[in-house]
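>>> Here's my sequence, what's the structure:
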Amino acid sequence: MMEDAYQNTMQALKRNGDLLDAVNSVAAIFFTCCADDYEKAFQEGMEIVSGLAGFHRAKLWKHEPAPGGKDFTFVGLHEWLYVDDDAAAAGPLDDGCNAAATVKLEDGCNTVAASPLCDGCVVVAAGQSSETRRLAPARWEESFRRNDCVNGALAGLPSDEFDVDWKRQGAKSILAVPVYLRDVFWGYAEYLDCRSERAFAEDEVNFLRFVSLMAVYAYINAMNSLEAKAANRAKNSFLSMMNHEIRTPMNAIIGMAAIGKSAADAKKIDYAFNQIIDASNHLLGVINGIFDMSRAECVKSIPNPVNNIGESPDIGETSFLGRHLLLVDDIEINREIVLAMLEPTLIIIDCAENGYEAVRMFSNEPNRYDLILIDIQMPEMDGYEATRQIRKLDCARAKEIPIIAMTANVFDEDVARCLEAGMTGHLGKPLDTEEVIRTLREYLIEK
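Numbering: from 1, shown residues only. Down below sits the predicted model:
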């Protein structure tokens with residue numbers, strides 16, 4: 001008796017050692033495989049563990065509810081199948097083995113009655129693979145939600161409750177292992193014994209739980225890696241195209257600026273300036289294309305005449321004599337551009353270098369200004385907060401003065417933020433002279 005107990009203990013220790021070695025080997029395979037090698041890793045991993053756990057077929061099933069269908073639907077992913085002469089000779093289960101009306105499947109420590117195993121199963125011919133989607137039985141759903149395995153013989157199932165692949169390959173026993181990732185149900189791994197009608201042993205169940213989890217983690221890592229590679233290829237292609245599209249007009253701008261600067265002939269200077277303008281417009285078009293702006297939609301809600309162009313104003317004939325503008329921008333060259341752009345209109349312009357200074361200047365003389373042009377991104381106080389502070393001042397002029405955003409922030413959400421802050425309209429940088437003049441005419445003359 002003592003000798004038998006000793007032998008049993010030694011066998012158990014050896015068995016545990018073999019299972020641990022197999023887990024380590026499979027872990028090394030799964031967690032070192034590249035995205036393109038996952039299928040090979042899955043096949044090698046299942047080959048290692050199949051002999052120890054006594055199964056002949058393995059498959060991953062990902063939980064993926066069908067659109068408009070039942071919730072507990074699965075999509076078949078990677079599959080492994082062991083084939084030898086004995087298994088092939090076994091063939092499918094005959095009708096005589098399926099005579100019983102019900103069968104009991106061990107469910108973890110519980111035993112549950114089996115329900116149809118292929119209820120709603122969709123069979124699709126695709127190479128050597130027949131089954132791509134499966135609706136699991138209600139009893140499976142109950143078990144999986146408790147993180148219990150479905151474990152036992154299949155011999156007693158009626159033929160119409162048999163999965164088509166199981167019947168074709170003569171499956172006799174099944175272990176279905178639910179897989180949870182961070183407490184979220186991912187799917188399950190299916191292991192089929194095609195030789196014995198049995199329940200998988202406790203050590204086999206625990207062993208295959210580890211293997212299933214490793215297989216799924218490796219699968220997810222592989223998919224993430226493939227997506228990252230595709231995104232990286234798309235990014236590189238995009239950057240390469242944009243590099244060409246941006247450098248081409250920039251080359252023209254820089255080259256023509258050098259030519260115009262050194263030219264003594266007025267015609268050559270004019271030619272260089274015209275080329276710079278054309279190249280600049282092309283570059284702006286490229287930038288707009290990069291960010292895929294949908295300004296038409298966002299401008300509809302803004303009382304800004306940019307959307308209704310009509311005839312181009314004659315800048316030389318436009319005068320805002322006697323009108324007073326507060327220009328707010330922290331960048332000196334941006335202020336210089338507006339000053340030069342509006343110089344022919346005879347409008348009086350005061351400048352502020354940030355939002356805090358703009359609020360101070362307006363609050364000191366609110367009736368001095370007819371309109372405020374304001375940048376958004378500035379130090380000390382940005383354009384949004386400056387607008388809110390001006391609107392909150394206790395004077396009528398603060399509530400009604402037109403405040404126009406003048407900014408490179410031109411996405412839909414940027415325009416919406418301008419309106420929410422209390423601004424009246426929006427001009428995108430780089431500024432277009434005709435658009436600026438049309439906006440000023442709208443608020444200084446026509447209203």
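
>>> can you give me the helices for the protein?
Secondary structure of the chain (DSSP state H): helices located at 2-30, 38-53, 85-90, 138-145, 164-169, 202-262, 266-291, 295-300, 332-342, 355-364, 383-391, 396-400, 412-421, 433-441.

>>> if you compare those helices, which one is most tucked away?
helix 383-391 (a mean of 21; mean count of other C-beta atoms under 10 Å). Quick note: C-beta positions are derived from backbone N, CA and C, even for glycine.

>>> Need the contact partners of it.
Identification of contacts with helix 383-391 by C-beta atoms under 8 Å, 6 or more residues apart in numbering yields 328, 355-356, 358-359, 362-363, 372, 374-378, 381, 398-399, 401, 403, 405, 407, 417-418, 421-423.

>>> same thing but 6 Å
Gly355, Ala358, Val359, Phe362, Ile374, Asp375, Ile376, Ala398, Ile403, Ala421, Gly422, Met423 (C-beta atoms under 6 Å, 6 or more residues apart in numbering).

>>> go on, stretch 197-211?
Applying C-beta under 6 Å, 6+ apart, the set of residues contacting stretch 197-211 from outside is 19, 23, 26, 49, 53, 106, 149, 151-153, 155, 172-173, 175, 177, 191.

>>> Next, the contact list for the nearest residue in space to Phe273 that is not next to it in sequence, please.
Spatial nearest neighbour of Phe273, chain neighbours left out: Gly260 (6.0 Å); criterion: C-beta to C-beta, 6 or more residues apart in numbering. Counting by C-beta under 6 Å, 6+ apart, Gly260 makes contact with Ile269, Ala272, Phe273.

>>> what about the last one, distance to His282?
With distances taken as C-beta to C-beta, to the nearest Å, Phe273 is found 15 Å from His282.

>>> Which among the helices of the chain is found nearest to Leu427?
Comparing the helices of the chain by their distance to Leu427 (C-beta to C-beta), the top pick is helix 433-441, with 6.2 Å.

>>> Closest one of the contacts of stretch 197-211 to Lys429?
Using C-beta to C-beta, Val26 is the member of those that lies nearest Lys429, at 58.3 Å.

>>> What residues sit buried inside stretch 168-179?
Gln169, Gly170, Ala171, Lys172, Ser173, Ile174, Leu175, Ala176, Val177, Pro178, Val179 (16 or more other C-beta atoms under 10 Å).

>>> what's the nearest residue to the third one if we skip its chain neighbours?
The shortest distance from Ala171 to any residue other than its chain neighbours is 4.3 Å, reached at Leu192 (C-beta to C-beta, 6+ apart).

>>> and the one you found, bridged to which residues?
Beta-bridge pairing for Leu192 (DSSP bridges): Arg57, Ile174.

>>> residue contacts, it?
By C-beta under 6 Å, 6+ apart, Leu192 lies in contact with Phe55, Arg57, Ala171, Ile174.

>>> sorry, back to before: what's the farthest-apart pair in the buried residues of stretch 168-179?
Gly170 and Val179 (26.2 Å).

>>> Lowest mean pLDDT among the helices and strands of this protein, which one is it?
When the helices and strands of the chain are scored by mean pLDDT, DSSP states H and E, strand 122-126 comes last with a mean of 28.

>>> Now for Lys59, how many residues are close by?
A count of neighbours around Lys59, defined by other C-beta atoms under 10 Å, yields 23.

>>> can I assume it is in contact with Trp80?
No: if you go by C-beta atoms under 6 Å, Lys59 and Trp80 don't touch, sitting 7.4 Å apart.

>>> Can you check the pLDDT for Leu181?
At Leu181, the model reports a pLDDT of 86.

>>> For it, give its distance to Asn221.
From Leu181 across to Asn221, the span is 12 Å (C-beta to C-beta).

>>> cool, Phe72 as well?
Taking C-beta to C-beta, one finds Phe72 at 26 Å from Asn221.

>>> Quick check: pLDDT value at Met406.
Listed pLDDT for Met406 reads 89.

>>> picking up where we left off before, what's the spacing between the residue nearest to Phe273 and Pro249?
Relative to Pro249, Gly260 is positioned 16 Å away (C-beta to C-beta).

>>> now do Leu283
Relative to Pro249, Leu283 is positioned 4 Å away (C-beta to C-beta).
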